[in-house]
Structure formats: structure tokens, C-alpha cells
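K.L.:
coordinates only, no sequence provided:
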């Protein structure tokens, strides 16, 4: 187990490891932790009562948080013609079709989000092995395969988040930065948890959200009541 730094140990001493904190209490506690030399990302992790091996229990989606995540995302778009121009006008960092697909197949993935017009899936479909493991493969469920190209680019650039459960049945997503006010972080976390609650697969039995924790890049986790 790696040796923890003085800042981490000081923060850990402030947390009751067996307590599940109310949201407002957890966010306020996180704000009191010693700060790193950079503006840390605050992340929420929720362990779900799903079987991730079952296709009908996969939890995946996207959400625009009330206060964004404090970062402008780099968006590429697979589109041609008027949709390509729409993407450029909305601020996409790269736009293309078969040429962009070949570039990605060649190993270029220096972007945060990929969006595709529906008619571009003939090119995008072969990128699953490259973009899938990075969580960047465009899908209708995540809102990244769409006819509303301009709107999607603007939303994701502003920090709309994508999320999907991992192999252990947990979902993790950024909630903002340490520099956010306690109120903004609380509202972002609440919006995400409320949205996640609406995504319970019909085949899940028992509790859907089993436990959750909130942490910053360089901090211990704070357990949340969910």
C-alpha cells in the first residue's frame, strides 16, 4: 500500500470511516480538507445493485450538471455537409467522416468526447475497439449519436458528462472543482444522484444505489447517505 502524504493523512483524520454523511455535511467536510497545489476535481462514485454482466442492467447516460464541471471539454464530430458546418460553428475541435475515423484508428484519441450524426455510424462503427475502452464511443443512449449536432457540441463543451457503470457495477463521474462553492457542488451532486435514480433497470431487485462516496483528486473518500 503506497505511503500517504501529510495532506491526505490530515484529511483522513477528519473523516469518520464508518459514518455515512448527509450530502450537505459531506460536501462541507470535503471543503475543509487541506488543498492541493492545483484545483482538484471532485468525483462522485456510486456502487449500484446491478449485475454488470447482464445487458439489460447496464447503466449508461449523460447529464448537464447545473453548474458544469469547471472544464471545457474537447469535442470531435463525425459529420458531413451542413452537419459538419454546424459542428464547426459550435466549436468542435475536429470534424470529419472517413478521414477522421482513419485518424482515430491510427491511434489519435486526444479528445474528451466524440459525437456522430446517425449516418456516420458506417465509419464510426469500426472504432469500438479504440474508443470503447476509453468510454468515448458515440451512442444514442449517451446523447452522442444525434441529429442535433450543434446543440450536442455546445452542451458537451460546457461540461455535459457521460457515465457508464464499470465491470464492478459502479458509476463514477466528475462533479466539479474544489474551487466551486459548497452550494454549487451540493447542487451538482444532488442533480446527478436524482438523475441516476431514474435510471434503475426494471430487472434490478432490491436496492439500486448501495453506497456512494465523494472525493477530490488528492483526498480520501467521504461516504454518502443515498
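P.N.:
Perfect, I can see it now. Fair warning: this is a prediction, and the values are worked out from it, not measured in the lab.

K.L.:
give me the pLDDT for the residue lying farthest from the centre of the chain.
P.N.:
The C-alpha centroid of the chain is most remote from residue 81, which lies 29.9 Å away (C-alpha atoms, centre = their mean). pLDDT recorded at residue 81 is 97.

K.L.:
in contact with it, which residues?
P.N.:
By C-beta atoms under 8 Å, 6 or more residues apart in numbering, the contact set of residue 81 is empty. Quick note: C-beta positions are derived from backbone N, CA and C, even for glycine.

K.L.:
that one and residue 88, how far apart?
P.N.:
Distance, residue 81 to residue 88, using C-beta to C-beta, to the nearest Å: 12 Å.

K.L.:
then residue 60?
P.N.:
Using C-beta to C-beta, residue 60 is found at 28 Å from residue 88.

K.L.:
any buried residues in stretch 200-219, and which?
P.N.:
200-201, 204, 208-209, 211-216, 218-219 (16 or more other C-beta atoms under 10 Å).

K.L.:
now pLDDT and distance to residue 50 too, for those residues, in a markdown table please.
P.N.:
Converted to a markdown table, the buried residues of stretch 200-219 look like this (pLDDT from 0 to 100; distance: C-beta to C-beta, whole Å):
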| residue | pLDDT | distance to residue 50 |
| --- | --- | --- |
| 200 | 96 | 9 |
| 201 | 96 | 6 |
| 204 | 95 | 6 |
| 208 | 97 | 8 |
| 209 | 97 | 10 |
| 211 | 96 | 13 |
| 212 | 97 | 14 |
| 213 | 97 | 18 |
| 214 | 97 | 21 |
| 215 | 97 | 22 |
| 216 | 96 | 27 |
| 218 | 93 | 30 |
| 219 | 95 | 27 |
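
K.L.:
looking at these, spot the one nearest residue 165.
P.N.:
The shortest approach to residue 165 among the buried residues of stretch 200-219 belongs to residue 201, at 10.3 Å (C-beta to C-beta).

K.L.:
residue 60 and residue 88: which has the busier surroundings?
P.N.:
Neighbours were counted for residue 60 and for residue 88 using other C-beta atoms under 10 Å; residue 88 has more, 17 against 14.
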